[in-house]
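1. Build the 3D model from these lines:
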Amino acid sequence: AANVAGESCIVIEIDGCDGQGGCEWRGILSERARHLKDECAFVEVHCGLAGCDLKVLRAQLAEHRAVCAHREVACERCADRFPARESSQHLLTCKGVEIDCPLECGTKVLRGDLSRHEKECGELVVCCSFAEHGCQVRSKRKKISGHEEEATSSHAQLAASAAKRLRVECSELAMALAEKSKQVAEQAVRLLDLQTQLTICQKEKSTQKATKVKFKIEDFTKMLKAKKGFKSRTFHVETKAGTYPMYLGVGFYRKPGSTQQGFVGLWLEHDARESGLLKFPIKLAGTRIEVESVVGGRAYKRVSRREENDMIHEPGGDWGETASFVTDKIAGVTWSSRDKDADLTKVCKRDVRDYLKDDTMLVTATVRLAPAEELWV
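-> Residues are numbered from 1 along each chain as shown. Predicted structure coming up:
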C-alpha cells in the first residue's frame with residue numbers, strides 16, 4: 001500500500017487483468033472494471049455491424065470488420081451500396097453490368113441503358129408511321145423504312161381517306177356547335193325573361209301590404225251544440241288589381257256516419273256580394289290563419305304553400321281546412337244525418353278544447369293577395 005496525494009489506495013499487479021491472458025495492464029484496483037470494458041484487447045466484444053452476431057477479441061475487431069459479410073460495400077460499376085454478402089445477387093440487377101441486347105441485335109449495352117437502346121434497336125418490331133391512317137403493317141425497325149418507300153401510293157390513298165373523314169367530322173362538329181350556340185342563345189333570352197319576371201314579382205311583392213284581422217268566437221260550446229256557423233265582418237284587401245272584400249268563417253261538421261265525432265272548420269272566403277269587376281283567380285301569396293292554444297301556447301297555423309299557388313278561383317270561393325279541430329270531448333254534443341258532413345281529406349287530431357279560453361276562440365288572419373294574371377281569361 002502507498003499514500004498517493006494524501007489518500008490511501010491499493011496498487012496491485014494483475015497478469016492479464018483477468019482477461020484471456022496476455023494483458024500487461026497495471027493500475028489502481030478501482031480502475032480495473034473500466035479497463036476491461038473500454039480498453040482491454042483480450043476481452044471478447046460484439047462485431048457491432050448490423051446483422052452480425054459474432055463476438056471477437058477487441059484486438060481482432062478491426063481485422064474482422066474488414067472482412068465481415070455484413071459490412072457495407074460500394075459497387076465499382078454503379079456506386080450502389082449494399083452488404084458484402086449481397087454482392088453476387090447485386091450483379092444480377094446492377095445497371096453498370098454490360099449485357100447482350102435481348103432483341104438479339106448483337107449489341108452489348110449497359111443494363112441501365114437498355115430501355116434507351118431498345119427505342120433505337122433495329123430488331124424491335126414497330127408499326128408503320130401511317131398506322132393512324134389505317135396501315136396495318138408491323139415490321140422490324142431496320143426494315144420499316146423500306147416498306148414505307150414501297151407503299152407510297154397506298155399510303156397516299158390512306159391519307160386522302162383520312163383527310164376526307166376529318167373534313168366530315170369537322171363539318172359535323174361545326175353543325176353541332178352551331179346548334180349548341182343557338183340553344184345557348186335561346187336559354188340566354190329565356191333567362192333574361194325570367195329575371196325580368198322575377199324583378200317584377202319582387203317589386204310587386206315588396207309593395208303589396210298584408211291585411212291583418214282578428215275576431216273572437218264567444219259562447220263557443222253553445223254555438224257548437226246549435227251547429228251554428230260564424231262569419232267575421234267583411235274586411236278589404238288591397239291589390240294592384242283592385243280591392244277584394246273578404247271574411248273569415250268558422251263552421252261545424254260531423255264525421256260521416258257518426259253521431260259522436262265532429263269537427264271545427266276554418267276558412268277565408270271572398271264576399272261575392274261586393275265582387276264588382278274584380279279578376280279571378282286570386283293567389284294567396286303568404287296568407288295564413290292562426291289559432292293560439294291556451295295549453296302550452298303552441299299556435300295552430302293554416303298557411304298557404306311556399307310556392308304561393310293556392311288560389312281562390314272564383315267570386316265567393318274560399319280557402320282553408322274543413323276538419324281543423326276535433327270536438328269529440330265536449331259533453332252534450334251529438335250529431336245526426338241532418339248535420340253537414342266534413343271533407344275528411346285532411347283531418348286534424350287537435351282537441352278544440354285546447355284552443356278555448358273561457359269558452360272563447362281567438363282567430364287571427366294575415367291576408368296577402370296577388371292576382372294570377374297569367375290565368376285570366
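2. For whichever strand or helix holds Leu114, output the C-alpha coordinates as PDB.
-> Here Leu114 sits within helix 114-118, counting by DSSP states H and E. What follows is helix 114-118, C-alpha atoms only, in PDB (Å, rounded to 0.1, in the frame of the first residue of the first chain):
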ATOM      1  CA  LEU A 114     -31.200  -0.900 -72.100                       C
ATOM      2  CA  SER A 115     -34.500   1.000 -72.400                       C
ATOM      3  CA  ARG A 116     -32.900   3.700 -74.400                       C
ATOM      4  CA  HIS A 117     -31.200   1.200 -76.700                       C
ATOM      5  CA  GLU A 118     -34.500  -0.700 -77.300                       C
END
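3. Can you point out the buried residues in it?
-> Applying a neighbour-count criterion of 16 or more other Cβ atoms under 10 Å, one finds His117, Glu118 buried in helix 114-118. C-beta here means a position set from N, CA and C on the backbone, and glycine is covered the same way.
4. Kindly report the same for stretch 101-121.
-> For stretch 101-121, by 16+ other Cβ under 10 Å, it's Cys101, Leu103, Cys105, Val109, Leu110, Arg111, His117, Glu118, Cys121.
5. mind listing which of these are in helices?
-> Using DSSP state H, the subset of those located in helices is His117, Glu118.
6. Export the buried residues of stretch 101-121 to CSV and append columns for pLDDT and distance to Ala156.
-> Below are the buried residues of stretch 101-121 laid out as CSV (pLDDT from 0 to 100; distance: Cβ to Cβ, whole Å):
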residue, pLDDT, distance to Ala156
Cys101, 92, 35
Leu103, 88, 32
Cys105, 90, 32
Val109, 93, 38
Leu110, 93, 42
Arg111, 92, 43
His117, 92, 34
Glu118, 89, 31
Cys121, 92, 30
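7. got the buried residues of stretch 101-121 as JSON lines, with distance to Glu31 columns?
-> Below are these laid out as JSON lines (distance: Cβ to Cβ, whole Å):
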{"residue": "Cys101", "distance to Glu31": "68"}
{"residue": "Leu103", "distance to Glu31": "72"}
{"residue": "Cys105", "distance to Glu31": "73"}
{"residue": "Val109", "distance to Glu31": "64"}
{"residue": "Leu110", "distance to Glu31": "59"}
{"residue": "Arg111", "distance to Glu31": "58"}
{"residue": "His117", "distance to Glu31": "67"}
{"residue": "Glu118", "distance to Glu31": "69"}
{"residue": "Cys121", "distance to Glu31": "72"}
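8. Averaged pLDDT, the lengthiest strand in the chain. What do you get?
-> Counting residues, the longest strand found in the chain (DSSP state E) is strand 242-254. For strand 242-254, mean pLDDT is 91.
9. and it, how far out from the chain's middle?
-> Mean-position distance between strand 242-254 and its chain equals 48 Å (Cα atoms, centre = their mean, to the nearest Å).
10. which residues in the stretch 251-377 of the chain form strands?
-> 262-270, 282-284, 288-292, 299-303, 311-312, 318-326, 361-367, 369-371 (DSSP state E, counting those that start in this stretch).
11. Tabulate the ones you listed (CSV), appending mean neighbour count and distance to Phe235.
-> As requested, these are arranged in CSV below (neighbours: other Cβ atoms under 10 Å; distance: least, Cβ to Cβ, whole Å):
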stretch, mean neighbour count, distance to Phe235
strand 262-270, 23, 10
strand 282-284, 23, 15
strand 288-292, 19, 13
strand 299-303, 14, 17
strand 311-312, 21, 15
strand 318-326, 20, 15
strand 361-367, 19, 8
strand 369-371, 23, 12
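12. now these in CSV, with mean pLDDT and distance to Arg26?
-> Output for those, formatted as CSV (pLDDT from 0 to 100; distance: least, Cβ to Cβ, whole Å):
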stretch, mean pLDDT, distance to Arg26
strand 262-270, 92, 118
strand 282-284, 88, 116
strand 288-292, 90, 110
strand 299-303, 84, 107
strand 311-312, 90, 119
strand 318-326, 83, 115
strand 361-367, 92, 113
strand 369-371, 83, 116
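13. Ok, which of those strands comes nearest Val213?
-> Counting by Cβ to Cβ, Val213 lies closest to strand 361-367 out of the strands of the stretch 251-377 of the chain; the figure is 5.2 Å.
14. What pairs with that closest one, parallel or antiparallel?
-> Sheet partners assigned to strand 361-367 using DSSP bridges are listed as strand 211-217 (antiparallel), strand 288-292 (antiparallel).
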